[in-house]
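Undergrad: What shape does this take:
(one chain, ligands or ions: 1)
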Amino acid sequence: MIEEEQLGNITAVQTQKNVFSLEGKLALITGGGSGIGFDIAQCMIRAGARVVITGRREYALKESISLLGSAAQYVVNDVTELNSLEGLVEHIETQIGPIDILVNNAGINMKKPALDVSDEDFQKIVHTNLNSVFALTRVCARRMINRQSGSILMISSMAAYYGIDRVVAYAASKSGVEGMVKVLASEFSKYNVRVNAIAPGFIETAMMRTAMNSDPDRMNKALGRTPMAKFGKPDDIGWAAVFLASEAAKYITGASLPVDGGNSIGF
Ligand code: NDP
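TA: Just a heads-up that it's a prediction; the model follows:
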């Protein structure tokens, strides 16, 4: 028989706030019109957040909004246009609300042997995946620090963990992101702003299909060292993002969480 005191505890537990909830939060998700970014948006909305997604292709953003519903809005923005980022954040904060969560998801890849990668190739990847991530983070972080509250997420990659051939610029950019997470977490912690990364393994999206479809050896190698023996789904990253952005992760900062079916520890 359950004692009265125990029943009281159960009721107290049931009425407590759900620490995984993002109720009342606004998230800015770059590259939210497709792939992993879309699923991060969807999972955050399911956790109670409102989201703003960005990207270069308006038709993709419009289509995504129609699927995500009224908790989602979009702004067309190219993150590589660094001068546009202050205006982007100003627009969102004045028209929609303060950004509680920034997800630096937009990214591009390029598969080429290192000796064929030109300086322009290298700069293009690093500019999108690293320079723009820092620039947008700086704009958002200034405001989060003023409010003494915020959570910043970077989408890193297994390419920052070990040597995958033919992605030298991509790996350099994601390794830069991993370094940035540690420094920013260290600098921003005293302002109650957390900074973390998610390192996806091989996730079924357009980017992964482009890298894998013409390269069965690479596909088999990736699967062969993944203990779960399957590729991830974009919502695997989405739910990890919800967790890291939520109160449940309030003591986690400066971390890089592999979401990879064990790929990073597979033999
Ligand atoms: P996709 O190519 O499917 O999506 C990338 C998104 O980024 C698109 O919505 C694209 O929109 C947007 N984007 C690209 N360039 C820009 C830009 N200059 N400005 C604004 N938005 C931009 O890739 P994924 O979903 O697979 O990748 C998402 C993130 O996850 C990337 O950072 C990637 O490196 C990372 N990742 C993915 C893995 C995977 O297996 N899929 C593994 C490890 C990491 P638009 O074209 O409209 O601008």
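
Undergrad: contacts and neighbour counts: CA atoms only from here.
TA: Noted.

Undergrad: Tell me the buried residues in stretch 136-154?
TA: Buried residues in stretch 136-154, counted by 16 or more other CA atoms under 10 Å: 136-137, 139-141, 143-145, 149-154.

Undergrad: Just checking the distance from the helix or strand harbouring Ile152 to the centre of its chain.
TA: For Ile152, the host element (DSSP states H and E) is strand 150-155. Put simply, strand 150-155 sits 7 Å off its chain's centre (CA atoms, centre = their mean, to the nearest Å).

Undergrad: so what strands line up beside that strand?
TA: Sheet pairing of strand 150-155 (DSSP bridges) gives strand 101-104 (parallel), strand 193-200 (parallel).

Undergrad: Now render these as TSV, adding mean neighbour count.
TA: Output for the strands paired with strand 150-155, formatted as TSV (neighbours: other CA atoms under 10 Å):
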stretch	mean neighbour count
strand 101-104	26
strand 193-200	26
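
Undergrad: ok, back up a step: for the next helix or strand after the strand holding Ile152, C-alpha coordinates in CSV please.
TA: Per DSSP H and E, the first helix or strand lying C-terminal to strand 150-155 is helix 168-188. Extracted in CSV, the C-alpha atoms of helix 168-188 (Å, rounded to 0.1, in the frame of the first residue of the first chain):
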residue,chain,number,x,y,z
VAL,A,168,40.8,18.1,-45.4
ALA,A,169,39.0,21.5,-45.4
TYR,A,170,35.9,20.2,-43.8
ALA,A,171,37.9,18.4,-41.1
ALA,A,172,39.9,21.6,-40.4
SER,A,173,36.8,23.6,-40.1
LYS,A,174,35.1,21.2,-37.7
SER,A,175,38.3,20.9,-35.6
GLY,A,176,38.2,24.7,-35.4
VAL,A,177,34.6,24.5,-34.2
GLU,A,178,35.6,22.0,-31.5
GLY,A,179,38.4,24.3,-30.2
MET,A,180,36.1,27.3,-30.3
VAL,A,181,33.5,25.5,-28.1
LYS,A,182,36.1,25.0,-25.3
VAL,A,183,37.3,28.6,-25.3
LEU,A,184,33.8,30.1,-25.5
ALA,A,185,32.5,27.8,-22.8
SER,A,186,35.3,28.9,-20.6
GLU,A,187,34.8,32.6,-21.3
PHE,A,188,30.9,32.6,-21.2
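
Undergrad: so how far is Thr54 from the nearest residue to Glu204 once chain neighbours are set aside?
TA: For Glu204, ignoring the flanking residues on the chain, the nearest one in space by CA to CA, 6 or more residues apart in numbering is Lys233 at 5.6 Å. Going from Lys233 to Thr54 by CA to CA, to the nearest Å gives 21 Å.
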